[in-house]
Structures are given as C-alpha cells and as structure tokens.
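A.B. asks: mind folding the following:
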Amino acid sequence: MEDSRRAFDHLNSRNVVAWTNLMKGYAQNSMPKHVVHLFQEMLHSECYPSTYTLAIAVNACTSLHSFKLGEQLHAYMIKYNVDFDTSIGNALCSLYSKCGGRLEFGLKAFRRIKEKNVISWTAAISACSENGEAAKGLRVFVEMLLDEVQVEPNEYTLTTVLSQCCEVKCLELGIQVHSLCTKLGYESNLHVRNSLLYLYIKCGCIGEAQRVSKGMDDVNLITWNAMIAGFAQMMEHSKDNLSAYRSGSEALKLLSKLNRSGMKPDFFTLSSALSVCSRMMALEQGEQIHARILKGGFISDVVVGSSMVNMYNKCGSIERASKAFLEMSIRTMVLWTSMINGFAQHGWSKQALDLFEDMKLVGVTPNKVTFVGILSACENAGMTNEAFNYFEIMQKEYKIKPVMDHYARLVDMLVRLGRLEEAFNLIQKMDYEASEFIWSNLIAGCLSQGNLELGCHAAEKLLSLKPKDAETYVLLLNTYASAGRFEEVSKVKNIMKEEKIEKLKDWSWISIKDRVYSFETNDKAHIESSLVNKSLEDLLVKAKNLGYEMLESVEISDKEEDVKTSSPNIYHSEKLAITFGLENLPNSSPIRVVKNTLMCRDCHNFMKYISALTSREIIVKDSKRLHKFVNGQCSCGNVGSFL
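C.D. replies: Below is the predicted model of the structure:
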C-alpha cells in the first residue's frame, strides 16, 4: 500500500477512479482509517465521489464502528439523491445493523434500494440475525423468494437462513430450505452442509444429521465442531439425564473420530467436549482433553480454563479443580464463581467463603450465581446466621435482587436443620411463586422428619403447579401414601394419565477406560452374563454385618386401589453400576456414577455403608445433586431429596 500511495501521489491529475482505487486498496488490506482519511482528502480536492466510492467509505465506517461519521455520509447521499443505489443501500444496511444496532433504519435503507441484488437481500437477512430478530430475517427471506424480480439466493444467503431456522428451532422451514439448497445445487457446498448439520442436531434429528455428515467428502474442523457442540447443547436441553447421556456419548464418539482424522481440535472443540465430560462425569476423558489443552497451548484461554475447572468440579475431583484454578493466569468472575460453587458443592464451605473474600480483595465483583454458591456453602455447614447475613449483603451492598435459586438454598438449609416451619414461612414471604424444586425439597424434608401434615400441604401446592416431571409425581404419591390419603393417590395417578407422564425409567452409568457402561434396574443383560449380580449380593451381606438394614419404600401398583409397602429392589441401577466399578477400577480410584433419577433412601443408605466397607470414595450424581460418600458419610448431610 505504501508503493500504491507513492504512485498515486506522483499522478499529475487524479480523477475519481484513481481516488476510488486507492480507497479500495486500503479497504482490502484492512486499513479502514486510511480509507476515511483519503475520502476526506478527496472531498477537499473538489473531486466528487461516485456511488461506489461512497459505498467503500460507508463500509470503512462500519469497520471502525464510527456510527456518527456513517450518519454524516448518509446525509451526504440523501443530499445528492443517491441513497437508492444498490451498493450504497447494501453498505447503509450493514452500517445501521452492525454499528448503531438500529435494525429498523437498516431495513429502511434496504427498502429504498431500487435494484436489489443477492447481496442486498443477504445483507438485510443478516442484519436481522445480528440484532436478535431471526424470525424477522426469515420473513425477509420469504419476501425475497416471492419478489417480482426473482433473485436467486447464494450460499451466504442460505447459510444465514439455516442458522436463523436453527435459532428459532423452525425445523419445518429448515427442511424446505434444505430442499431449496438441493434444487439450486448448493447441497454439496461445505458451508451449507455445516449449517444443515447444525440445524438437524439442534432440532434433535440425529438420524438426519448423520445422513448429512456421511455424505460429506470434505469435512473441515467447523463440521466437527458443529456436530460436537450440537450434541453438547442437546445435553443441556435434555429432559432427563438418560437423554443427556445418549447425546454425550455421541459427542465423545465424534471427538474420538476427530482425533483419528488427523485434524487438530481448537479451543471451541475442547470447551464443548469438556462440557460433555462435566455432564457425564467422564473424568478419564476429561483428563485426556486436559492433556490436549496443555499440548495445544490453550491453557491461557479463559473459556477453556473455565470449562476445565467446571469439568473437574462436576466430576467430583475438587482437588484437581482447585489446582487447575490456581494455574490460570487470568481469572474472570465466571472462573471465581465456578470455583466457589465447586467448593460449596463438595462440602468445602470454609474454602468457598475464603475464596469469596479473596475474590473481593482482587476487585472482582460477584454476580447472583456467585451468591448461590456462597449460600450453598453456608447451607452445607449449617451456618444459618451467616447465610442470612450474606443474603442481606447481596441486596444492600451489591444491589442484586434475589432470584429463586437464592431462596431455594435458604429453604434447603432450614429443611436440613429440621426447621420446617421456618422454611415454610420463608416460602410464604418470597417475592415469587415457589418453584417445583423448592416444594419438592420441603416435601422430602417433611417425609424424612415425619411431618406429614405440612408435607401434604406442600404436596397440594406442588400439584397446583402441574409439574411435568415423573420424579415429582412419584414424590407426591409417596407423600400421600405415607399419610394414608389414598384418595389423593388416585387423583395424582389420574393427573399423570391426563398429562401423559411417562413411567419413570431408572438408569445409571459409569465411565471406565474411555468406555461408558450403562445399567438399568433389574438389568438382565448384566445380571445374567456377568458377576455383577453375585458381587452385589456379597456386598449386601457384608453391609448387613456392619449394621445396614434395607429401608422400606412405598410401591404404587398399576391398580388404582393397590398401594402397599414393600422392600426395595436390591438391583437398583446405581447399586449395579457401583458394584461394576468396584470390580473393574483400581483399588485407589474413586467410583463415579451418574443416575438419571433421584436416588431412593435405601440406595443412599447402602452407599454410605459401602464407602466405609471398601474405604473407597463413591460419587453419585443424581438428577438433583451430587452425593459424595466418604467413610460412611455423604456430602448432602443425609437430607437430600429421595424417591
């Protein structure tokens, strides 16, 4: 560009073509400031710009986020009545949507274009997407297809539209766009196929996504990232841990294929994979990803670092999470909060509160999620006064309005301490209608402490919310059955039929040497073909010798009138998974199991005895919380919610 400028300066006369060519050169070489300065020089030299020159100048303002200067240029165009030009309208549409955040002005500039080309339509559709108006962008696309002047969409138009279908989860329109891609010959285009792939994954069409990916000859890293991130997102939006497990397994399989393909994952791949390991408690895979992070030099990336700390926390390895946190050179508020919540979750209340003080000392301002961790730490330690003190500090000092999670922690703390009436009074004083989670916790506390009157009252409140969760209905049935209120039992069962609540499926899984093994209650495949059944029975005998007694639970049969008390099934899925882990993991290794439903009280009691009997650390993550069993004690304080 220096040579170009010298050649330009040696010209005896400079016409608009010369000025425009030099401006175009600066624009192509990412030097927008030089474009603006040159444009000003041009005006002072009394050489009038063409419409193409003005478009280049407006695009430079967009690159610089110089909205005021862009508006001045717009005024200049209106003055000379050239704002209807195609290139100018395209540039103005981008300026208003990207810099000013004024989508309506951008679309107004687009409407004034007399001869709209594919760039014009794509700019308008993209402007909607950039301003969080995906549905409006789809309407503009339909308008494009119906326009009198038939403009054919290109690959950029189609990828933008597919991403908007993905954003609003409009699968029906996405399928139609897929057909259009095929008709126009873009189905083999890599960018279009990546967008199709992400759409089908996010909408839960796994089979269709796999068909799209199988037909791809030239797969790039974006393709792999789209698939892995898509399955990771499906885990987050899964209705239960079982669905999440299936999506997570697919994500980890894809990561293995990526590693074998010879391509190197980037920070986006690694952070998505870590989130999968977090949800599945797949520590071994998480450790391998950690090694890749170190090898690839991604350890300083804030997003990857936060994901790594979160993964170790969720997998029950608080020591490694703490080590990873200390190794991070940059600690954001999210990272501090993740570590505080990790300490709280594992019952390390003092460390959580000390870390909060360190966080304040270095000048990092906490948010509402930070205080959820602080209140959880106080809850685990039974520090009632401190909890309410922090609750007050949060509101007065940091101006944070309490949300449902803050109240849930306080209610849970009071329930743990047996102060059920105080917990109920706090619920009554809340600024919100109590959530299913809060009522469920109160009911669980009432059942464990024998306060069936308050439990039934809480059950009625919970029932009025019409929950969709099968676990919640089982809890309601147990509450009414324990109180002998069988009319309500029938009422709840009728509601379950009306709401089409699926039967509760009990699954658990454990990760061993890069493989994930799943177990179902009364799992015949494992019981008949392995030593799991025999080993579990041996453990049961040894636990009974230590004083373990099987706890009775309420069983609801399919007949409306048949509600009876029976012994729990010894072949519950988490018992099978733990037994399998004891048989196949080294003696020093902790055993980590994920369960898709709440634990029953008997299984919880059994795990305490097994942890003492085997001197093993047993971690079970059920649908509500993480239970860490060490030497016969559980981190939940024995007052978690149980089926």
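A.B. asks: show me this structure divided up by domain.
C.D. replies: Annotated domains of the chain cover 221-330, 507-634 [the TED database].
A.B. asks: could you pull out the strands in the stretch 101-250 of the chain for me?
C.D. replies: Using DSSP state E, counting those that start in this stretch, the stretch 101-250 of the chain contains no strands.
A.B. asks: can you show me the helices along it?
C.D. replies: Assigned by DSSP state H, counting those that start in this stretch, the stretch 101-250 of the chain shows helices spanning 103-111, 118-130, 134-146, 155-167, 171-184, 190-202, 206-214, 221-236, 241-261.
A.B. asks: just say which of those is most tucked in.
C.D. replies: Across these, averaging neighbours per residue (mean count of other C-beta atoms under 10 Å) puts helix 190-202 on top, at a mean of 24. Using the backbone N, CA and C atoms, a C-beta is placed for each residue, glycine as well.
A.B. asks: tell me which residues touch residue 408, please.
C.D. replies: Contacts for residue 408 (C-beta atoms under 8 Å, 6 or more residues apart in numbering) come out as 435, 437, 438, 441.
A.B. asks: and with 10 Å instead?
C.D. replies: Going by C-beta atoms under 10 Å, 6 or more residues apart in numbering, residue 408 touches 372, 375, 376, 379, 427, 430, 434, 435, 437, 438, 440, 441.
A.B. asks: now the host helix or strand of it: buried residues?
C.D. replies: Per DSSP states H and E: residue 408 is located in helix 404-416. Neighbour counts using 16 or more other C-beta atoms under 10 Å place 405, 406, 407, 408, 409, 410, 411, 412, 413, 414, 415, 416 of helix 404-416 among the buried residues.
A.B. asks: okay, the third one and residue 56: tell me how far apart.
C.D. replies: Here residue 407 is placed at a distance of 57 Å from residue 56 (C-beta to C-beta, to the nearest Å).
A.B. asks: how about the fourth one?
C.D. replies: As judged by C-beta to C-beta, residue 408 and residue 56 stand 56 Å apart.
A.B. asks: so what's residue 165 closest to, chain neighbours aside?
C.D. replies: Leaving aside its chain neighbours, residue 165 sits nearest to residue 174 (3.8 Å; criterion: C-beta to C-beta, 6 or more residues apart in numbering).
A.B. asks: pretty sure that neighbour sits against residue 197.
C.D. replies: No: contact criterion C-beta atoms under 10 Å: residue 174 and residue 197 do not qualify, at 11.3 Å.
A.B. asks: okay, and the common contacts of these two?
C.D. replies: 162, 208.
A.B. asks: that older thread, weakest of the helices of the stretch 101-250 of the chain by average pLDDT?
C.D. replies: Ranked by mean pLDDT, the helices of the stretch 101-250 of the chain end with helix 206-214 at the bottom, a mean of 75.
A.B. asks: ok now that helix, how far from the chain's centre?
C.D. replies: How far helix 206-214 lies from its chain's middle: 23 Å, per C-alpha atoms, centre = their mean, to the nearest Å.
A.B. asks: ok, now stretch 343-358?
C.D. replies: On the basis of C-alpha atoms, centre = their mean, stretch 343-358 sits 24 Å off its chain's mean C-alpha point.
A.B. asks: ok, now stretch 487-507?
C.D. replies: 29 Å.
A.B. asks: what's the span of it, first residue to last?
C.D. replies: Stretch 487-507 has its terminal residues 31 Å apart, counting by C-alpha to C-alpha, to the nearest Å.
A.B. asks: stretch 270-290 too?
C.D. replies: By C-alpha to C-alpha, the extent of stretch 270-290 from end to end equals 9 Å.
A.B. asks: average pLDDT for it?
C.D. replies: Rounded mean pLDDT across stretch 270-290 is 87.
A.B. asks: and residue 511, which of the three is it?
C.D. replies: Following DSSP: H, G, I helix; E, B strand; the rest coil, we place residue 511 in the strand state.
A.B. asks: look up how far residue 273 lies from the closest residue to it other than its chain neighbours.
C.D. replies: The spatially closest residue to residue 511, leaving aside those adjacent along the chain, is residue 282, at 4.3 Å (C-beta to C-beta, 6+ apart). For residue 282, the distance to residue 273 (C-beta to C-beta) stands at 10 Å.
A.B. asks: for residue 395, same thing?
C.D. replies: Using C-beta to C-beta, residue 395 is found at 38 Å from residue 273.
A.B. asks: between the two, which one's more packed in?
C.D. replies: Shown here are residue 395 and residue 273; by other C-beta atoms under 10 Å, residue 273 has more neighbours (30 against 14).
A.B. asks: the stretch 351-500 of the chain: helices as residue ranges?
C.D. replies: Along the stretch 351-500 of the chain, counting by DSSP H, counting those that start in this stretch, helices occupy 368-381, 384-396, 404-416, 420-429, 436-449, 452-464, 470-482, 486-498.
A.B. asks: residue 495: how many residues sit nearby?
C.D. replies: Neighbour count of residue 495, defined by other C-beta under 10 Å: 15.
A.B. asks: so who does it touch?
C.D. replies: Neighbours of residue 495 in contact, by C-beta under 10 Å, 6+ apart: 463, 466, 467, 473, 476, 501.
A.B. asks: now residue 108
C.D. replies: Residue 108 is in contact with 89, 92, 93, 96, 102, counting by C-beta under 10 Å, 6+ apart.
A.B. asks: repeat for residue 67
C.D. replies: Counted by C-beta under 10 Å, 6+ apart, residue 67 has contacts 61, 95, 96, 98, 99, 100, 101, 102.
A.B. asks: residue 149 now?
C.D. replies: Applying C-beta under 10 Å, 6+ apart to residue 149 gives the contacts 115, 116, 117.
A.B. asks: which residue is nearest the middle of the protein?
C.D. replies: Centroid-nearest residue in the chain: residue 236, 4.7 Å away (criterion: C-alpha atoms, centre = their mean).
A.B. asks: tell me the spacing between that one and residue 136.
C.D. replies: Taking C-beta to C-beta, one finds residue 236 at 26 Å from residue 136.
A.B. asks: closest one to residue 189 out of the contacts of residue 408, please.
C.D. replies: Of all the contacts of residue 408, residue 189 sits closest to residue 372, with 45.0 Å by C-beta to C-beta.
A.B. asks: quick check: closest non-adjacent residue to that closest one.
C.D. replies: Per C-beta to C-beta, 6+ apart, closest to residue 372 is residue 405, 4.8 Å.
A.B. asks: show the buried residues in the contacts of residue 408.
C.D. replies: Neighbour-count burial (16+ other C-beta under 10 Å) is assigned, among the contacts of residue 408, to 372, 375, 376, 379, 427, 430, 434, 435, 437, 438, 440, 441.
A.B. asks: residue 366 versus the first one, what's the distance?
C.D. replies: Right, the one you point to is residue 372. 10 Å.
A.B. asks: now the second one
C.D. replies: According to C-beta to C-beta, residue 375 and residue 366 sit 12 Å apart.
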